[in-house]
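1. need a 3D model of the sequence below.
(one chain, ligands or ions: 1)
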Amino acid sequence: MKALDGVKILDFTHVQSGPTCTQLLAWFGADVIKVERPGVGDATRKQLVDKPGADSLYFTMLNHNKRSIELDSKTPEGKEVLTRLIETCDVLVENFAPGALDRMGFGWERIQAINPRLIMASVKGFGPGRFAECKVYENIAQCAGGSASTTGWRDGRPLVTGAQIGDSGTGLHLALGIVTALYQRERTGRGQRVQAAMQDGVLNLCRVKLRDQQRLAAGPLTEYSQHAEGIPFGAATPRAGNDSGGGQPGRILKCKGWEGDPDAYTYFITQAAAWGHVCDVIGRPEWKTDPDYATPAARLPRLNEIFDTIEAWTMTRTKFEVMETCNPLGIPVGPILSMKELAEDPDLRASGTVVEVDHPERGPYLSVGCPVKLSDSPVEVTRSPLLGEHTAEVLRDVLGFDADAVARITASGAVGTPKVAAG
Ligand code: COA
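-> Here you go, the predicted structure:
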């Protein structure tokens, strides 16, 4: 028994934002039926290809535990099948460019008329307003949602981050909206629209930066290193480099081997509660009582000197030795871990956060498993479907078309050439 057993998802998503949402729902037990254009499929199947002829890692890593049906939703027979899917499913998830579903003839009003219990969930780049019609990809969302403006160095360009907060972040937001709507439907019997705009999702994740924007009105942001450096603040929340975003100052510091290893660094937080231990560890016990260093307020204008002194110590240790020394003392530190280190991490393998999956076209590959663990709904990651792998079984078993209807729909070209599902 899985948490979302019995929930059927019509997965009309592509690229990253929508697929991450439906992949999560599949991991929680929903039956996710991915609808793809015949012969073409999700564009990511053939993007960033590392093994010619095989589905790309881009696709396989975003579409686990789903079924795939080929369907041209712009032909009469395709619309017939899509209508049956809408009647049968609990949720439709889509992230087409604005207006695409309406142009297909399946706007919200029509969908409600077909199945008033259906929850229709959409990702768009922007919410209502002057940018509503724009197509949006990850980095545009990071830029328009406040992340790029507040990431990077004060004297450098705005910076995008490797974390896909626009795509995968919005997929997460949407998944929460969907299960919330399913919960409400239990009481009302009605479906509803669930909309998540990528700009909104990024801004939500940048909440603390809007906090700082308002704090600026009351004076300089004293925990930013630019304050200690005597550089005046402008009108907007500035880029803060690696400064800790919270009230406990932190920085990224070099560790032993940094000259040859781009990831030989640690994050080091001078949490007030652990200050005494920090002083002992770095060989400055006198700072515990020196009024210039003893309190968080006294330390603020001296953070550059303090972190330089801490770094002189961290440079004598590996990033793991820094952890071994600091963790037992309650000093919050964390190593900068590369993707290679994460891929090989035994704890992440054991917890199922990094999984090895086998695939008929490409053989075994690594993926990120479900990052949320439910004690009563365990996740088993299964490979992504081949294009149209489940067309026949979905038409027959899920939608109830008889053999004649399947033959008629197939002859029309609306569903490609249905394959018998591989075991
Ligand atoms: N059968 C028939 N037509 C199909 C189809 C199917 N199974 N699946 C898609 N199509 C059609 C769409 O109806 C659309 O046709 P139209 O332009 O005539 O209306 C067309 O394919 C292209 O869809 P679109 O969504 O515009 O794809 P795109 O490749 O041009 O744009 C994005 C890609 C991601 C920029 C765009 O979809 C978008 O902005 N989505 C919302 C924001 C988002 O999720 N962005 C992040 C993606 S990770």
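
2. residues in contact with Glu77?
-> 408-409, 412, 414-415 (Cβ atoms under 8 Å, 6 or more residues apart in numbering). For glycine as for every other residue, the C-beta is placed from the backbone atoms N, C-alpha and C.

3. do the same with Ser367
-> Here Ser367 is in contact with 60-61, 64, 354-357, 381 (Cβ under 8 Å, 6+ apart).

4. and the pLDDT for Thr68?
-> Small correction: residue 68 is Ser, not Thr. Here, the pLDDT recorded for Ser68 equals 98.

5. show me what secondary structure element comes after the helix or strand bottoming out on mean pLDDT in the chain.
-> Scoring the helices and strands of the chain by mean pLDDT, DSSP states H and E places helix 225-228 at the bottom, with a mean of 88. Note on helix 225-228: by DSSP states H and E, the next helix or strand toward the C-terminus is strand 250-254.

6. sheet partners, orientation included, of that next one?
-> strand 265-269 (antiparallel) (DSSP bridges).

7. contacts for the strand it pairs with?
-> Strand 265-269 is contacted by residues 242, 244, 248-255, 258, 307, 310, 314, 319, 322-323, 326, 331-336 when judged by Cβ under 8 Å, 6+ apart.

8. which of the residues you listed are buried?
-> Among the contacts of strand 265-269, those classed as buried by 16 or more other Cβ atoms under 10 Å are 244, 249-253, 255, 258, 307, 310, 314, 319, 322-323, 326, 331-336.

9. return the member of the contacts of Ser367 nearest to Ser225.
-> Val354 (34.4 Å; Cβ to Cβ).

10. wait, that closest one touches Leu348, no?
-> Yes: the pair Val354 / Leu348 is scored as a contact, 4.2 Å apart, by Cβ atoms under 8 Å.

11. according to the record, where do the domains of the chain fall?
-> 8-205+364-411, 207-331 (automatic domain parsing).

12. which among those domains is found nearest to the ligand?
-> Closest to the ligand of the domains of the chain, according to Cβ to the nearest ligand atom: domain 8-205+364-411, at 3.2 Å.

13. how far does that closest one sit from its chain's centre?
-> 13 Å (Cα atoms, centre = their mean, to the nearest Å).

14. swap in stretch 407-421?
-> With Cα atoms, centre = their mean, you get 34 Å for stretch 407-421.

15. that stretch near the ligand anywhere?
-> No: between stretch 407-421 and the ligand, judged by Cβ under 6 Å from any ligand atom, nothing touches; the nearest distance is 8.9 Å.

16. for that stretch, give the mean pLDDT please.
-> On average, stretch 407-421 scores 84.
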